[in-house]
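Student: Coordinates only, no sequence provided:
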């Protein structure tokens with residue numbers, strides 16, 4: 001398409017059908033039909049509007065809940081991350097913590113103490129906020145890295161499916 005225009009694999013009005021088909025393929029009950037404990041009888045199924053969002057897996061919900069209970073804990077990244085979601089080193093550098101602009105540097109000069117190997121913020125709350133922001137940035141960068149790699153695989157799977165479907169229809 002035109003430069004600056006996103007290539008869409010599906011249209012916005014197809015989203016409900018896409019979500020329904022994805023949930024069906026993965027054998028996941030549609031959250032729009034009620035939870036698994038309060039699922040309507042099969043006679044009434046389809047009476048509610050289908051879901052227009054992807055469900056959050058309970059394991060992911062548990063991880064999020066546990067992380068928010070202790071926000072001060074340092075982010076620990078498994079070494080497997082580099083193996084599971086490899087990207088070129090120069091691209092990884094773009095995902096590192098950004099340098100601080102001059103305005104922030106001027107403020108930090110007034111609020112920091114010199115320590116061995118660098119500087120430290122004077123106020124403990126400022127240090128906690130700085131630590132939380134660094135962890136948040138690192139987590140977002142890791143999520144972006146995983147999303148980019150997963151997107152490549154998803155697009156490759158789509159291509160393989162299209163080639164397979166095309167070959168199967170040519171054989172008939």
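Tutor: Alright, I've got the coordinates. Remember, predicted model here, so these are calculated numbers, not experimental data.
Student: Name the single longest helix found in this structure.
Tutor: helix 124-171 (DSSP state H).
Student: what's the distance between residue 14 and residue 169?
Tutor: Residue 14 sits 22 Å away from residue 169, going by Cβ to Cβ, to the nearest Å. In short, each C-beta sits where N, CA and C put it, glycine included.
Student: Out of the two, name the residue with the larger neighbour count.
Tutor: residue 14 (12 against 8; other Cβ atoms under 10 Å).
Student: This protein: helices as residue ranges?
Tutor: Using DSSP H, helices in the chain cover 15-25, 58-69, 80-84, 89-94, 102-111, 124-171.
Student: And residue 64, how close does it get to residue 75?
Tutor: On the measure of Cβ to Cβ, residue 64 and residue 75 end up 14 Å apart.
Student: Repeat that for residue 126.
Tutor: 19 Å.
Student: do residue 135 as well
Tutor: Per Cβ to Cβ, residue 135 is found 4 Å from residue 75.
Student: higher neighbour count, those two?
Tutor: Higher neighbour count among residue 135 and residue 75: residue 135, with 17 against 14, using other Cβ under 10 Å.
Student: contacting residues for that one?
Tutor: Residue 135 makes contacts with 74, 75, as judged by Cβ atoms under 8 Å, 6 or more residues apart in numbering.
Student: repeat for the one 3 residues further on
Tutor: By Cβ under 8 Å, 6+ apart, residue 138 lies in contact with 75, 77, 97.
Student: If I take the longest helix of the chain and helix 58-69, what angle do their directions form?
Tutor: With axes from the mean of the first three to the mean of the last three Cα atoms, to 10 degrees as the basis, helix 124-171 and helix 58-69 are set at 170 degrees to each other.
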